[in-house]
Structures are given as C-alpha cells and as structure tokens.
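**Q** How does the following fold in three dimensions:
(one chain, ligands or ions: 2)
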Amino acid sequence: MSQPIRWGIISTGYISTSFAKDLLVDPATRDVYDVKHKITAVGSRSVESADKFIEGLKNSEGVHSWGLTSGVLDGVMGYGTYEEVFNDPNVDVVYIGTPHTFHHPNSKAALLAGKHVLCEKPFTFDLEELDELIKIAKEKKLFLMEAVWTRFHPIAYAVQEELFSGKLGKIKRFQADFSMDMKPETADPKHRMLNPDLGGGSLLDMGPYPSVWAMLCMQHHPSNQNRPPKLLSSYQTVLKRTGVDLNSRWLLEWEGVGQGLLLTEMGVKGFGPMTALVQCEEADLAIHWPPYKPESYTIHTHPQNRDSPETQAVTHHVPIHPGIGMHYEADEVARCLLAGKLESDRMPWEESRIVQGWFDEVRKAGDTVHKDWKGHAGE
Ligand SMILES: NC(=O)C1=CN([C@@H]2O[C@H](COP(=O)(O)OP(=O)(O)OC[C@H]3O[C@@H](n4cnc5c(N)ncnc54)[C@H](OP(=O)(O)O)[C@@H]3O)[C@@H](O)[C@H]2O)C=CC1
Ligand SMILES: O=C1OC[C@@H](O)[C@H](O)[C@H]1O
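**A** Residues are numbered from 1 along each chain as shown. Ligands and ions are numbered 1, 2, ... in the order given. Coordinates of the predicted model:
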C-alpha cells in the first residue's frame, strides 16, 4: 500500500463539501486497496469558513465517518486564502471547487505553485483558457484533470461494455438531456446558475453531462475510432432577467456513425426514465435520470420486428459504492500521480478540449451576454 495522496481543497461550497466527504469513505468499501487519501489543507476566502468546513467534516456520520478514525483529517490546516493551499508543502494535489469563471485563474495559480490539479467541470470558460492550463501542466510536468466524476462511475463502464459488445447492433442515433426546473424567473439572480459573472446559464453548468454520455457512447464507440464530431447547428434561449442561456441545444455528427442531439435546460424538469438514449439497429439503450449519477439503464428490444409497437424492456441496476460517488475520480487522480502520469486515460485532455470546443461554438452562435466573452487566458 502506497502513502496517501495529500489533498488541498479550495472553496467551501456545495461541491467541495461533497468531494471532501467522499475522501473520508473507506476505499475498501469500493474494493480499492491500491490508493489512499488524506486532506491536509482547506482554503477559503475567509479562514472562518475554512475552519467551519473542517469542523463539519469532523462531524461526519455514516460511511463518511471512517476517515475520522483513520487519519484522513489528521493535521489538516484551514486557510483564509487559496494561495496558502497552493504554497503548502504538505499538499500534493489541489481540488478546485470554485464557480466556473474562477477555474482557470485558480488552476493556473495552483499549477504555477507546483501543485497537481483536479478542477471541477466545466474545466474553463473557454478553450483558450484550457489550452493555457494544459501548456503549463506539460511545461511543469504536473497532473491536470477535469473532474467529470460520472466518467468513473460503474454504470459508465457497464453501458460502454453493453454498447461495444455489438449485441445491440450498429448505432443509429443518440440524444442526451440534462433539464431541471430551477425556477429561473424567480430564483436569486446572484446565484451562480443565473449570474453571468460566475459563468451562469445551463450550457456550462449542465452541458458537461449530456456531453459525457455523447463522448462515452458515440466518440468512444469502436465504429467511430475516436474521431471528433462536427457541430451541425445549435440554439440558445436567452433568460432575459440576467442574459444567460435558459436552454441550449446542439446537434453533432460523427461521420459514418450517427448524429447526436444534446440538450440543457433550466426551466423544465427532465424526463426520469430517459436522460440519454442510444438507438441501435437491434435495440435501444436508455440511461435513466440523473445524468450526473445514473444507477440504472434499460435495454428496449423489439421481439417481433423494429417497427412493431411491441417492445421488451430489461432494466439493469449498476449502483455506486457507498458515498456520494466522487471518490472514484479521486482514486483515478491518486493512481495517475503514483504512476507519474500528467493526464488520465479515462479523462484525457483532448476529450475535455473537444467538449469545451462545443461550448465555445454554441455560445458564440447564440445571443446571450456570454456571446463575445473571452476567458482570462493571455491576460
Ligand atoms: N461534479 C458535480 O456534480 C458538481 C460540480 N459543480 C461545479 O462546482 C463548481 C462550484 O459549484 P457549487 O459548489 O455548487 O457552488 P457554491 O456556490 O456552493 O460554492 C462555490 C464556492 O466557491 C467559492 N467562491 C470563490 N469566489 C466566489 C464568488 N465570487 N462567488 C461565489 N463563490 C465563490 C466560495 O467558497 P469560499 O467562500 O470558501 O472561498 C463558494 O462557497 C461549479 O463550477 C460547478 O459546475 C457543482 C455542483 C455539482
Ligand atoms: O454538476 C452538477 O451536477 C448536479 C447539478 O445539480 C449541478 O447543477 C451541477 O453543477
């Protein structure tokens, strides 16, 4: 067993709390014995918030309490700035859980201080920002990964195995949707989902999830040979209150394989039985809600013939192991660090670049306040 990977966490909001809690889960509960985690530093814009965050972790219950007696939080430091985390010699890798528009400056600062980085989705505001981070990671020989946790969930591997086995036949078409009713007409306009300065709107926040299923099912499909698709068209509806996108839709084509329609929406609830649908010659595969953490999928077959209304549905359950489900990506980071890798094979830079490129194209073709916005790269 190796030494634990020492995590520094910056920001103390919703997702940083979820991520930190999952580092407290016993890896053996998910059959992981090769890596261990330790939280050595937490950084916030205020030291009170960092201390409160640490105190909250120390009061964890259930599966999240294992770490308290197993040294995961021993000696953890709370800081009132992010820089102190970047400069802490007891930190190997920094987890970035700030709002979208800070991902680039925070990741850049961490890399320049010599730390490996796991950064929340969407990786950056635009592709130029992402390319700058990759350049720095390469130059400084540091690990860098977008925290698309869904890629590492057991169901992601199960769905790929089913599709790539060929049993469902040739892929015909794909669609994926992440919709939630966030009451956009009455919600607090300063909330990060609505606030343009924090990268608000459905595209950047929700877009990574239809995209993850498009990448896993279509891009990775053996018949595609990892060729990037062409973006055929897109549309965004503007939320007039704050100027961000209320919904976004974009149509992709993997040449010779099929087309995929991707949707995000903040004003309508999604349809539970089908958050992503892969239609093949012999059967259809529907991945259930929620797109970020589905735990079941259904294969719909047509016992008579493809056009008959009679269908047979078999549902497969592939639950995550104890915890919220963010520990899998942490394990991947730990393994990559131990192996001396700069990027993950399961979440490689080029695939983050492809998805970030879609977001740029959709945004630039739309009419939101973000249409002509540029990120921080080159500042
Ligand atoms: N993987 C997943 O499932 C999820 C990922 N996310 C991603 O995580 C990121 C953060 O989302 P979430 O945790 O929901 O957001 P929160 O608003 O809950 O937390 C964001 C934190 O960022 C810090 N921060 C720094 N600058 C600002 C600022 N100007 N305004 C507000 N907060 C600031 C604050 O921490 P402090 O005061 O301590 O500095 C704040 O608590 C987003 O990019 C989102 O896409 C979000 C939800 C789920
Ligand atoms: O990443 C996410 O997944 C869960 C959603 O509720 C959240 O808006 C989003 O940021």
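**Q** where in the stretch 201-350 of the chain is pLDDT low?
**A** 305-307 (pLDDT under 70).
**Q** Ligand 1 contacts on that one?
**A** D205, Y292 (CB under 6 Å from any ligand atom). (Each C-beta comes from the backbone N, C-alpha and C, glycine too.)
**Q** change it to 8 Å
**A** For the stretch 201-350 of the chain, the contact set with ligand 1 under CB under 8 Å from any ligand atom comprises L204, D205, P208, Y292, K293, M326.
**Q** Skipping its backbone neighbours, what lies nearest the closest residue to ligand 1 within the chain in space?
**A** Closest contact between the chain and ligand 1, by CB to the nearest ligand atom, is at G13 (1.8 Å). Leaving aside its chain neighbours, G13 sits nearest to G97 (6.3 Å; criterion: CB to CB, 6 or more residues apart in numbering).
**Q** Can you get me a residue count around that neighbour?
**A** G97 has 24 neighbours, counted by other CB atoms under 10 Å.
**Q** Name the nearest residue to C280, ignoring sequence neighbours.
**A** Excluding its sequence neighbours, the residue lying closest to C280 (CB to CB, 6+ apart) is L168, at 3.9 Å.
**Q** and that neighbour, what pLDDT?
**A** L168 carries a pLDDT value of 95.
**Q** and it, which of the three is it?
**A** The local conformation at L168, judged by DSSP: H, G, I helix; E, B strand; the rest coil, is coil.
**Q** does it really touch I299, like I thought?
**A** Yes: applying CB atoms under 8 Å as the test, L168 and I299 come out as touching, 7.1 Å apart.
**Q** ranges for the strands of the chain?
**A** 5-10, 37-43, 77-79, 93-96, 116-120, 144-147, 171-179, 230-238, 245-254, 258-265, 276-280, 283-287, 296-301, 312-317 (DSSP state E).
**Q** follow-up on the earlier one: report pLDDT for the residue nearest to G13.
**A** In this model, G97 carries a pLDDT of 98.
**Q** State the distance from it to K293.
**A** G97 is 17 Å from K293, where distance means CB to CB, to the nearest Å.
**Q** now the nearest residue to S16 once chain neighbours are set aside: how far from P303?
**A** With sequence-adjacent residues excluded and distances taken as CB to CB, 6+ apart, S16 is closest to G97, at 3.5 Å. To P303, G97 is 48 Å away according to CB to CB.
**Q** do R335 as well
**A** In terms of CB to CB, R335 sits 43 Å off from P303.
**Q** the more surrounded of the two?
**A** Neighbour tally, R335 and P303, criterion other CB under 10 Å: the higher count belongs to R335, 17 against 8.
**Q** residues touching the spatially most central residue of the chain, list them.
**A** Geometric centre of the chain, nearest residue: V148, 2.4 Å, by CA atoms, centre = their mean. V148 makes contact with K121, P208, V212, E329, M347, S352, according to CB atoms under 8 Å, 6 or more residues apart in numbering.
**Q** can those go into JSON lines with extra columns for neighbour count?
**A** Formatted as JSON lines, the contacts of V148 follow (neighbours: other CB atoms under 10 Å):
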{"residue": "K121", "neighbour count": "24"}
{"residue": "P208", "neighbour count": "28"}
{"residue": "V212", "neighbour count": "25"}
{"residue": "E329", "neighbour count": "25"}
{"residue": "M347", "neighbour count": "23"}
{"residue": "S352", "neighbour count": "28"}
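**Q** So which of those are in helices?
**A** P208, V212, E329, S352 (DSSP state H).
**Q** hmm, back to that, of the contacts of V148, which is the nearest to T275?
**A** Of all the contacts of V148, the one with the least separation from T275 (CB to CB) is V212, at 10.9 Å.
**Q** my guess is that closest one meets F152, correct?
**A** No: using CB under 8 Å, V212 is not in contact with F152; the gap is 10.4 Å.
**Q** Run a quick neighbour tally on L68.
**A** Neighbour number of L68 under other CB under 10 Å is 16.
**Q** how near is it to T12?
**A** 18 Å.
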